[in-house]
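*Asks:* Just to be clear, the model below is a prediction. Sequence and coordinates:
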Amino acid sequence: MTHRPIILGIVGDSAAGKTTLTKGIAQVLGEENVTIICTDDYHRYDRTQRAELGITALHPDCNYVDIMQQHLSLLRTGQPILKPIYSHKTGSFEPPQYIKPNKFIIIEGLLGYSTRAVLDSYDVKVYLAPPEALRTQWKVKRDTQKRGYSEEQVLAEMLKREPDSEQYIRPQRTWADMVVSFYPPAAQLQDNGHLNVRLVLRPTISHPDLTQVASLSDQQGKSAIRLGLDRDMGKPVDVLEVDGHATIEQVRELEKFICNKAPELLSFCSTQSNTELGKISGTTGETIQSYPLALTQLLIVYHMLRATKGH
């Protein structure tokens, strides 16, 4: 097998958690080993033009999908690209950037699985699907704090985008090897560090057999890590669920099991040896550690490392 870059796709709607997951995986693999590409950079129109045309950034016609596809093909063969740059802060374009691919490439954005040719470029495909109420909370927080919008503007924009979300973004879920859904343990939304995660594991790639370590109970007899069978988009899948209240002992047991399946992971494969695993910003800005996020990152990294061996 040639030493070409390994490409991970992370697709989901706006504020679904793509950047958080991407940054965490890059930290685990070593940022010097990872090239990150955001497909938002391939927007065809800036913010003012989109408003004038009445088109949203989620619509394929609003993006140079063909150029993204071409660049992905070049990166896959180890060739550099001249990548456009879109600034979310200003809503305008900046000078393009010369990008040389590293050992690993993460492609994150809205329309990463929108064509067959693009799909063929990935080694591992992940789709993020948080509950809409939680995504709304995340989007309001991000766009008001970092992009200068009011809450009313954010909610109005989400309403405007909904038809395109339904038609173009959510159907991409069908192409994912893993569907990741963080969700609150109770009816009310809670701090990010206590979110549960539901991982749909499709048979399109070979997942580690986790039956030995799933259903580990805590002292109260409650199972915080569960593995079961379900159907997703009409097809049978395995589903791994990890609760936010999982204990460090339960998490390390699962970490150890995954790492033993991929010796390359041993050097950085636990929250004990790699303190960056599962780190996330809390609601008041403090850094907290989410075990469900840590295990999600670890499972994705496991697949990326297996891809380097041609599995």
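*Replies:* Noted; the coordinates are in hand.
*Asks:* got the residue ranges for the strands in the chain?
*Replies:* 6-12, 34-38, 81-87, 92-99, 104-109, 124-128, 178-183, 196-201, 216-217, 223-232, 235-242, 279-281, 287-289 (DSSP state E).
*Asks:* So for residue 169, which of those sits nearest?
*Replies:* Residue 169 lies closest to strand 6-12 among those, at 7.5 Å (CB to CB). To be clear about C-beta, it is placed using only N, CA and C from the backbone, and glycine gets the same treatment.
*Asks:* Adjacent strands (with direction) for that closest one?
*Replies:* strand 104-109 (parallel), strand 124-128 (parallel) (DSSP bridges).
*Asks:* can you redo the ones you listed as a markdown table with distance to residue 181?
*Replies:* Shown next, in a markdown table, are the strands paired with strand 6-12 (distance: least, CB to CB, whole Å):
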| stretch | distance to residue 181 |
| --- | --- |
| strand 104-109 | 17 |
| strand 124-128 | 8 |
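*Asks:* Redo those strands as JSON lines? Include mean pLDDT and distance to residue 145.
*Replies:* Output for the strands paired with strand 6-12, formatted as JSON lines (pLDDT from 0 to 100; distance: least, CB to CB, whole Å):
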{"stretch": "strand 104-109", "mean pLDDT": "96", "distance to residue 145": "20"}
{"stretch": "strand 124-128", "mean pLDDT": "98", "distance to residue 145": "20"}
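*Asks:* nearest to residue 72, of these?
*Replies:* strand 104-109 (6.7 Å).
*Asks:* Worst mean pLDDT among the strands of the chain?
*Replies:* Per-stretch mean pLDDT for the strands of the chain is lowest at strand 216-217 (a mean of 47).
*Asks:* re earlier: including distance to residue 278 and mean neighbour count, could the strands paired with strand 6-12 go into CSV?
*Replies:* What follows is those, written out as CSV (distance: least, CB to CB, whole Å; neighbours: other CB atoms under 10 Å):
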stretch, distance to residue 278, mean neighbour count
strand 104-109, 17, 24
strand 124-128, 16, 25
